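[1] Sequence first, predicted model second:
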Amino acid sequence: MSIAATEPESAEPILRLRGVGRRFGGVLAVHDVDLDVMPGERRALLGPNGAGKTTLFNVISGEFPPTAGRVELFGRDVTTMPARRRAKLGLTRTFQTSRLFLGLTVEDNLYLAVIGVRGGHLRPVRLSGRDGPIRERARDLAQRVGLERQLGTLVGSLSHGEQRQLEVGMARAGDPKIMMLDEPAAGLSRGERVALTELLLGLDRDITLILIEHDMDVALGVAERVTMMHDGRVIVEGTPAEIRGNQLVHDLYLGSHHAHA
């Protein structure tokens, strides 16, 4: 189903970037990026290594501010807002490198994720028998990402694909409005990539999904709209079909990478 069928024409972007840039000393990693993402949309951010994709993710999530331009989330200016406050507004993300507690179980990782999105900077991890609702929420998240049978399994014993599923579950702990995934299919087997694609396609429509992905089958299978970057700039935007048929995209990216996806 297209986003036009689920959102009224008057809907405002849930994410809007205008003239966004990020410089590191003399290096301009992101330059003059404009981007509108609508509520409920599935957007893929693609490009070769060094295109500026992860830097742009970091600017959107608040890991560091832009050195130029404006970032709006949920209709408000968040350009200088830190990452923690953006998370409280409803934005969550994963990273290229897993940030999991490998020595804890699947359930305990999800339990800690649920605690982490609740109020207060300092709170006890164990709530002396009063943590039933949190445990129930953790088990529900496990079921939603297909890990209900691994609740008691140590995360370090999971396959790489199952760890990625867990990351998605942890990212959902705060009922986010926007979920940003940075290369979720990296290192997965073919079967795991298929399972991940199905998981992402099954996400609730009240979650807006933005992903960076080098696996074109995953990216173009999930996304409804694609933004292509090169040398820190947006060079083309369109539907997956338009991206596949774009000669510039083919020359810069698909021609040398799609065969290995």
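    Nice, thanks for sending it over. Numbers count the residues shown, from 1 in each chain.

[2] what residues are up against the closest residue in space to S189 that isn't next to it in sequence?
    Distance criterion Cβ to Cβ, 6 or more residues apart in numbering; nearest residue to S189, sequence neighbours excluded, is G161 at 6.8 Å. C-beta: built from backbone N, CA, C; applies to glycine. Applying Cβ atoms under 8 Å, 6 or more residues apart in numbering, we find G161 in contact with L188, S189, G191, E192, R193, A195, L196.

[3] Could you look up the SS state of G161?
    helix (DSSP: H, G, I helix; E, B strand; the rest coil).

[4] Check F101 too.
    coil.

[5] Can you check the pLDDT for it?
    F101 carries a pLDDT value of 94.

[6] Which residue is the nearest non-sequential neighbour of it?
    With Cβ to Cβ, 6+ apart, the residue lying closest to F101 is N109, at 5.4 Å.

[7] From Q96, how far off is the one you found?
    18 Å (Cβ to Cβ, to the nearest Å).

[8] Between the two, which has more neighbouring residues?
    N109 (25 against 12; other Cβ atoms under 10 Å).

[9] Angles on the backbone of that one, please.
    When read as degrees, to the nearest 10, the backbone of N109 gives phi -60, psi -40.

[10] returning to what we had before: from memory the residue nearest to F101 sits against R99, does it?
    No. Using Cβ atoms under 8 Å, N109 makes no contact with R99, being 10.1 Å away.

[11] follow-up on the earlier one: can you tell me which of the contacts of G161 are buried?
    The neighbour-count test (16 or more other Cβ atoms under 10 Å) marks L188, E192, R193, A195, L196 as buried among the contacts of G161.

[12] among the residues you listed, which two are most distant?
    L188 and A195 (8.4 Å; Cβ to Cβ).

[13] on that earlier part again, please flag which of the contacts of G161 sit within helices.
    G191, E192, R193, A195, L196 (DSSP state H).

[14] Adding pLDDT and distance to R22, write the residues you listed out as CSV.
    Shown next, in CSV, are the ones in helices among the contacts of G161 (pLDDT from 0 to 100; distance: Cβ to Cβ, whole Å):
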residue, pLDDT, distance to R22
G191, 93, 37
E192, 93, 32
R193, 93, 30
A195, 92, 34
L196, 93, 29
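
[15] Could you point out which of these is nearest to Q247?
    Among the ones in helices among the contacts of G161, R193 lies closest to Q247 (Cβ to Cβ), at 26.7 Å.

[16] Quick check: closest non-adjacent residue to the closest one.
    R193 sits nearest to A185 (Cβ to Cβ, 6+ apart), 5.0 Å away.

[17] show me what contacts that neighbour?
    Taking Cβ under 8 Å, 6+ apart as the test, what A185 contacts is R164, E192, R193, L196, E213, H214, D215, V218.

[18] Check those against L46 and report the nearest one.
    E213 (7.0 Å).

[19] Quick one: residues contacting that closest one.
    E213 touches A44, L46, L181, E183, P184, A185, A219, counting by Cβ under 8 Å, 6+ apart.

[20] Can you pull the poorly scored residue ranges out of the chain?
    1-10, 117-130, 253-261 (pLDDT under 70).

[21] ok, which stretches of it are helices?
    According to DSSP H, the helices that the chain contains are 3-6, 53-61, 83-89, 106-116, 132-144, 160-171, 190-201, 216-222, 240-244, 247-249, 255-257.
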